[in-house]
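In: with the input below, show me the fold.
(one chain, ligands or ions: 1)
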Amino acid sequence: MIRLHVHPDKATAVRAVAADIAALVRARAAEGRRAVLGLATGSTPIPLYAELVRLHREEGLSFRGVTTFNLDEYSGLGPDHDQSYRWFMQRQLFDHVDVVPAETHVPDGLAKDVAGSAAAYEDAIRAAGGIDLQVLGIGRTGHIGFNEPPAGPATRTRQVHLDELTRRDNASFFGDVAKVPHHAVTMGVGTILDCRRVVLLAWGEGKADIVRRSVEDAPSDDCPASWLQRHAACDFVLDAPAAAKLARR
Ligand code: GLP
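Out: Residues are numbered from 1 along each chain as shown. All right, here's what the predicted structure looks like:
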């Protein structure tokens with residue numbers, strides 16, 4: 001079931017999500033257990049990471065007891081490439097908080113044994129006890145992580161081919177669409193559905209159509225995000241423009 005949370009703007013929305021994450025991290029610390037966060041990249045979660053850094057600096061939120069798993073990574077880009085998702089996570093969050101570097105995981109875009117590396121990623125998530133809360137954005141193709149359509153609940157971490165619309169949407173980060181990789185490694189839709197909580201963020205009118213399809217159309221591999229309707233605890237946190245085409249709000 002998808003619970004909808006519509007905020008007037010993304011600043012208000014990310015404050016609510018960051019407070020939720022902080023509560024989880026503190027609750028786990030009080031229990032003496034690690035909190036396991038699933039993290040996303042793209043432009044959408046940037047203000048969320050800024051708010052988490054602020055909570056660390058100004059309100060003493062510690063990430064020492066946090067383990068993280070990122071959704072995806074471009075194939076062929078190493079951690080020193082400024083468009084790799086490892087680089088993104090270091091600059092947006094990890095370099096600014098007290099997370100233990102060895103407790104941060106991003107799929108290996110350079111792995112020679114791609115299938116073995118993907119299986120090891122699934123094993124590492126399981127060994128950590130599963131993901132408590134997974135943050136997601138959404139692509140205009142309906143992708144979550146880099147699960148381009150068609151993709152359904154049977155998919156696990158693997159290498160995928162990127163849709164041309166996704167490559168064009170991400171071209172601004174690379175400066176030129178020709179530089180955007182054609183492949184990526186991503187957690188599967190099934191991997192995401194196994195997370196105990198899922199929080200999908202979407203901002204702006206450009207996401208309104210795909211948000212509506214994800215929430216209101218019958219789940220289908222043609223819109224991988226629509227499978228989130230089958231999750232027991234999934235929140236869509238939206239700003240007003242991203243929610244504008246929903247029948248119910
Ligand atoms: C990217 C990422 C996704 C992200 C989506 C939307 O390519 N792989 O995890 O949610 O596309 O990106 P943005 O947040 O920039 O709109």
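
In: next, the distance between the ends of stretch 136-153.
Out: Stretch 136-153 has an end-to-end distance of 16 Å (C-alpha to C-alpha, to the nearest Å).

In: next one: phi and psi at the closest residue to V99 other than its chain neighbours?
Out: Nearest residue to V99 in three dimensions, chain neighbours excluded: F63, at 4.0 Å (C-beta to C-beta, 6 or more residues apart in numbering). Yep, even glycine has a C-beta here, placed from its N, CA and C like the rest. Torsion angles at F63 (phi, psi; degrees, to the nearest 10) stand at phi -100, psi 10.

In: now do the same contact list for F63.
Out: For F63, the contacting residues are V25, H56, V97, D98, V99, by C-beta atoms under 8 Å, 6 or more residues apart in numbering.

In: now those in a markdown table, with neighbour count?
Out: Converted to a markdown table, the contacts of F63 look like this (neighbours: other C-beta atoms under 10 Å):
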| residue | neighbour count |
| --- | --- |
| V25 | 23 |
| H56 | 18 |
| V97 | 17 |
| D98 | 12 |
| V99 | 21 |
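
In: and those residues, which of them are in strands?
Out: Of the positions in the contacts of F63, not one sits in strands, assigned by DSSP state E.

In: next, give me the two most distant ones among these.
Out: V25 and D98 (11.5 Å; C-beta to C-beta).

In: quick revisit: just the contacts of F63: which are in helices?
Out: If you go by DSSP state H, the contacts of F63 have V25, H56 in helices.

In: tell me the one of the contacts of F63 nearest the ligand?
Out: For these, the closest approach to the ligand (C-beta to the nearest ligand atom) belongs to V99, at 19.7 Å.

In: need the contact list for G204.
Out: D239, P241, A242.

In: did I read that right, the last one in a strand?
Out: No - A242: not assigned to a strand; according to DSSP: H, G, I helix; E, B strand; the rest coil it is helix.

In: surely it touches V211?
Out: Yes - using C-beta atoms under 8 Å, A242 makes contact with V211 at a distance of 5.4 Å.

In: secondary structure element for T67?
Out: If you go by DSSP states H and E, T67 is part of strand 66-70.

In: quick one: strands adjacent to that strand?
Out: strand 35-39 (parallel), strand 104-105 (parallel) (DSSP bridges).

In: return the most buried member of these.
Out: Stretch with highest mean neighbour count among those: strand 35-39 (a mean of 24; mean count of other C-beta atoms under 10 Å).

In: format the CA atom coordinates belonging to it as CSV.
Out: Coordinates of each C-alpha in strand 35-39 appear next as CSV, following Å, rounded to 0.1, in the frame of the first residue of the first chain:
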residue,chain,number,x,y,z
ALA,A,35,20.4,1.1,11.5
VAL,A,36,20.5,0.0,7.8
LEU,A,37,19.7,2.7,5.3
GLY,A,38,19.2,2.3,1.6
LEU,A,39,20.2,5.4,-0.2
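
In: residues of the protein that sit close to the ligand?
Out: Contacts of the chain with the ligand, taken as C-beta under 6 Å from any ligand atom, map to 40-44, 71-72, 137-139, 145-146, 166, 170.
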